[in-house]
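A.B. asks: Turn this into a model:
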Amino acid sequence: MQFTNAQYDLVERAVARGTRIAVFRQGREFIVIPLALSAHAGREAIETRSPVTGHDLTIYLDEIERLDSVG
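C.D. replies: Numbers count the residues shown, from 1 in each chain. I've put the predicted structure just below:
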């Protein structure tokens with residue numbers, strides 16, 4: 001999926017405000033708190049944390065099927 005300006009804005013607002021987003025990847029939904037946008041080996045990624053377990057998760061933008069704000 002190619003990210004649109006609106007989707008980048010959604011992620012950037014969530015990072016700034018500490019709010020949750022829903023990320024759909026490989027047929028699964030992940031509710032996460034985005035911490036930062038970053039790049040790893042030339043791939044853009046969202047550094048996230050699970051609000052339930054506290055575990056960190058790197059989600060690559062090119063693997064995201066859909067992205068929504070939560071709440």
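A.B. asks: what about stretch 4-21, distance to the chain center?
C.D. replies: 8 Å (CA atoms, centre = their mean, to the nearest Å).
A.B. asks: Need the mean per-residue confidence for that stretch.
C.D. replies: Model confidence over stretch 4-21, given as mean pLDDT, is 95.
A.B. asks: Give me the buried positions along it.
C.D. replies: The neighbour-count criterion (16 or more other CB atoms under 10 Å) identifies 7, 10, 11, 14, 15, 20, 21 as the buried residues of stretch 4-21. Yep, even glycine has a C-beta here, placed from its N, CA and C like the rest.
A.B. asks: so can I have a markdown table of the residues you listed showing secondary structure and distance to residue 37?
C.D. replies: Listed next are the buried residues of stretch 4-21 as a markdown table, based on DSSP: H, G, I helix; E, B strand; the rest coil; distance: CB to CB, whole Å:
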| residue | secondary structure | distance to residue 37 |
| --- | --- | --- |
| 7 | helix | 11 |
| 10 | helix | 11 |
| 11 | helix | 6 |
| 14 | helix | 10 |
| 15 | helix | 7 |
| 20 | coil | 16 |
| 21 | strand | 12 |
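A.B. asks: Now the two most distant members of the residues you listed.
C.D. replies: Between any two of the buried residues of stretch 4-21, the greatest separation by CB to CB is 15.3 Å, found for 7 and 20.
A.B. asks: mind listing the strands for the protein?
C.D. replies: Remark: strands assigned in the chain by DSSP state E are 21-25, 28-40, 43-49, 56-60, 64-69.
A.B. asks: Nice, that's everything, thank you.
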